[in-house]
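# coordinates only, sequence not included:
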Ligand SMILES: Nc1nc2c(ncn2[C@@H]2O[C@H](COP(=O)(O)OP(=O)(O)OP(=O)(O)O)[C@@H](O)[C@H]2O)c(=O)[nH]1
Ligand SMILES: [Zn+2]
């Protein structure tokens, strides 16, 4: 018998796999043939399970489907989006800090959904302009309250796929997860604790089912807030800038004070935030050049997309979504059901 499922977690030498279309999970080993070919299995991987032993709840992973994405922090395959949680009250809403998170998400070519938490503490007259602003940047924004439950149901109904949470400490990530999945009972403040500040970064991550259609990682990502995107790649990480890219007088325009800059002329609300990020990105580059490390290893310190060797679209004409599959992933073809190893 052959079944397909999703890897929810790694436990010692086993992978916990949820079978498609059910709540059933099996503890699976990796089939010898997969091990021999160096096929890795990550949390979030879509897998083919064989040798199912129903009474024992066991199985073996025979194949891993090509990944649509691969995050390193947290280590997760096939992430379909990032829930960026930002508080409306305390810590106070800060569009520049939110933009820092969003730039990182863009650099991973993942869609972001902004969850504006603690909506019970602020008036709707305050919330509405914030929602409109974020939507004008190109992101859906959903006010929610873990305390009152407002907005939780519609948010859950909207989610489909595998998500990672992001957001500053105290934004309400654990509270939001608990509100979406009362059975989870994460202690408030637990998510960051589990992320393990100072712990080993390759810790295993676990996926929880929020609904039959949505999974969420128990560890937040995108917590490194330094702007490490190359200066020339930064503008494309601001979705509302994209219509203007490629229309500046200079092809290599960094959209600061250059004459004939179409982005500056557009008078976009996040232009000042962008400019401060460019200054940071340039300083980061400068610092890199001064420390005479070889280019390759220096780039590795940058965004994780560089670590994965993924090409970043240049600022010519329209924004193009580059393929996020690495060569290794491409080679990791879905393995047809095979005879015994
Ligand atoms: N009023 C109100 N307070 C909330 C809400 N959600 C969370 N809080 C409070 O905000 C504080 C932080 O909540 P957490 O859920 O621990 O935030 P977090 O983002 O997980 O924080 P870290 O674990 O530090 O990353 C707690 O004191 C919560 O009680 C909400 O919807 N309304
Ligand atoms: Zn320009």
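It's in. All values derive from a computational prediction rather than experimental measurement. Numbering: from 1, shown residues only. Ligands and ions are numbered 1, 2, ... in the order given.

# Show the contacting residues for the closest residue to ligand 2 within the stretch 101-250 of the chain.
For the stretch 101-250 of the chain, the residue closest to ligand 2 is residue 248, as judged by C-beta to the ion, at 3.3 Å. The C-beta positions use only the backbone N, C-alpha and C, and glycine is treated the same way. Contacts for residue 248 (C-beta atoms under 8 Å, 6 or more residues apart in numbering) come out as 255, 258, 260, 261, 262, 263.

# Give me the subset of those residues that also touch ligand 2.
For ligand 2, the contacts drawn from the contacts of residue 248 by C-beta under 5 Å from the ion are 255, 261, 263.

# does any part of the helix of greatest length in the chain sit near ligand 2?
The residue-count maximum for a helix in the chain (DSSP state H) belongs to helix 271-290. No. Residues of helix 271-290 are not located near ligand 2 by C-beta under 5 Å from the ion, the shortest gap being 10.5 Å.

# Same question for stretch 216-231.
No. Stretch 216-231 lies out of reach of ligand 2 by C-beta under 5 Å from the ion, never closer than 12.2 Å.

# From ligand 1, how far out is the most centrally placed residue in the chain?
Nearest residue to the geometric centre of the chain (C-alpha atoms, centre = their mean): residue 82, 4.5 Å. For residue 82, the distance to ligand 1 (C-beta to the nearest ligand atom, to the nearest Å) stands at 14 Å.

# The helix or strand that contains that residue - which strands sit beside it in the sheet, and in what orientation?
Using DSSP states H and E, residue 82 sits within strand 81-87. Next to strand 81-87 in the sheet, as set by DSSP bridges, lie strand 112-117 (parallel), strand 161-166 (parallel).

# and of those strands, who's closest to residue 20?
With C-beta to C-beta as the criterion, residue 20 lies closest to strand 161-166 of the strands paired with strand 81-87, at 13.5 Å.

# which element follows the closest one toward the C-terminus?
Using DSSP H and E, the helix or strand that follows strand 161-166 towards the C-terminus is helix 173-180.

# What helices and strands are in contact with that next one?
Applying 3 or more C-beta pairs under 8 Å, 6 or more residues apart in numbering; DSSP states H and E, we find helix 173-180 packed against strand 81-87, strand 112-117, helix 152-158, strand 161-166, helix 190-195.

# okay if I get those as JSON lines plus mean pLDDT?
Below are those laid out as JSON lines (pLDDT from 0 to 100):
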{"stretch": "strand 81-87", "mean pLDDT": "97"}
{"stretch": "strand 112-117", "mean pLDDT": "98"}
{"stretch": "helix 152-158", "mean pLDDT": "96"}
{"stretch": "strand 161-166", "mean pLDDT": "95"}
{"stretch": "helix 190-195", "mean pLDDT": "47"}
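
# Go ahead and confirm residue 162 touches residue 78.
Yes. Counting by C-beta atoms under 8 Å, residue 162 touches residue 78, with 5.6 Å between them.

# sorry, back to before: who are the neighbours in contact with the residue nearest to the centre of the chain?
Contacts for residue 82 (C-beta under 8 Å, 6+ apart) come out as 105, 108, 110, 111, 112, 113, 163, 164, 165, 166, 221, 222.

# and what of residue 38?
Taking C-beta under 8 Å, 6+ apart, one finds nothing in contact with residue 38.

# Now do it against residue 107, distance only.
Per C-beta to C-beta, to the nearest Å, residue 38 is found 28 Å from residue 107.

# Residue 280 too?
The spacing between residue 280 and residue 107, counted by C-beta to C-beta, is 14 Å.

# Same check on residue 125?
Counting by C-beta to C-beta - residue 125 and residue 107 are separated by 34 Å.

# Look at the two and report which has more neighbours.
The residue with more neighbours, out of residue 125 and residue 107, is residue 107; 24 against 7, by other C-beta atoms under 10 Å.

# so the more buried one sits right up against residue 236, yeah?
No. Taking contacts as C-beta under 8 Å, residue 107 lies outside contact range of residue 236: 9.4 Å.
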